[in-house]
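# Here's a sequence, model it:
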Amino acid sequence: VQLVESGGGLVQPGGSLRLSCAASGFTFRTFGMRWYRRAPGKERELVAGISSAGDSTVYADSVKGRFTISRDNANNTVYLQMNSLKPEDTAVYYCQTVLTVGGDVRTYWGQGTQVTVSS
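Numbers count the residues shown, from 1 in each chain. Okay, the predicted model is just below:
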């Protein structure tokens, strides 16, 4: 299983970024996907999640109305569109999935991509 994030960078407050997470090594279309983030000195937090079919999403209160999670099951990729970015959105963003195969449950993480919101 591999999760590879991309799309991070430096952006001014009010700007936008789109993160991508390319998945491989499992049947992508059958598992939910999530984006987490870890800001300096803070605990890791769930940012957004999406169901396997893409018909159900959840968001942290802090990003509702600004971030949108989506997925392309044909290309095994999940996205996080981030608009109206704020300095407090600065963090390393991680893609995550939990695979259940038989009775085995395993959590997989990407390497993370840095997002810095600063003027």
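
# how about the strands in this protein?
In the chain, the strands defined using DSSP state E lie at 2-6, 9-11, 17-24, 33-38, 45-50, 57-59, 67-72, 77-82, 91-101, 104-109, 113-117.

# now those in CSV, with mean neighbour count and mean pLDDT?
Placement of C-beta: from N, CA and C, glycine included. Below are those laid out as CSV (neighbours: other CB atoms under 10 Å; pLDDT from 0 to 100):
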stretch, mean neighbour count, mean pLDDT
strand 2-6, 16, 97
strand 9-11, 14, 98
strand 17-24, 19, 98
strand 33-38, 22, 98
strand 45-50, 19, 98
strand 57-59, 15, 98
strand 67-72, 18, 98
strand 77-82, 22, 98
strand 91-101, 18, 95
strand 104-109, 11, 94
strand 113-117, 18, 98
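
# Next, the contact list for the spatially closest residue to Asn73 that is not a sequence neighbour, please.
Distances taken as CB to CB, 6 or more residues apart in numbering place Arg29 nearest to Asn73, at 4.1 Å, with adjacent residues excluded. Taking CB atoms under 8 Å, 6 or more residues apart in numbering as the contact definition, Arg29 lies against 52-53, 73.

# likewise Glu45?
Applying CB under 8 Å, 6+ apart, the residues near Glu45 are 36-38, 60.

# Asp89 and Val117 touch, don't they?
Yes - between Asp89 and Val117 a contact is recorded at 5.1 Å, counting by CB atoms under 8 Å.

# Please tell me how far the residue most central in space within the chain sits from Ala74.
Nearest to the mean C-alpha position of the chain, counting by CA atoms, centre = their mean, stands Trp35 at 2.5 Å. In this view, Trp35 and Ala74 are 20 Å apart by CB to CB, to the nearest Å.

# and Asn75, how many neighbours?
11 (other CB atoms under 10 Å).

# er, Gly65 actually
Gly65 has 9 neighbouring residues, counting by other CB under 10 Å.

# what about it, distance to Ala48?
From Gly65 across to Ala48, the span is 12 Å (CB to CB).

# related to what we said a few turns ago, quick check: of the contacts of Arg29, which lies closest to Gln96?
Within these, proximity to Gln96 (CB to CB) peaks at Ser52, which comes in at 14.1 Å.
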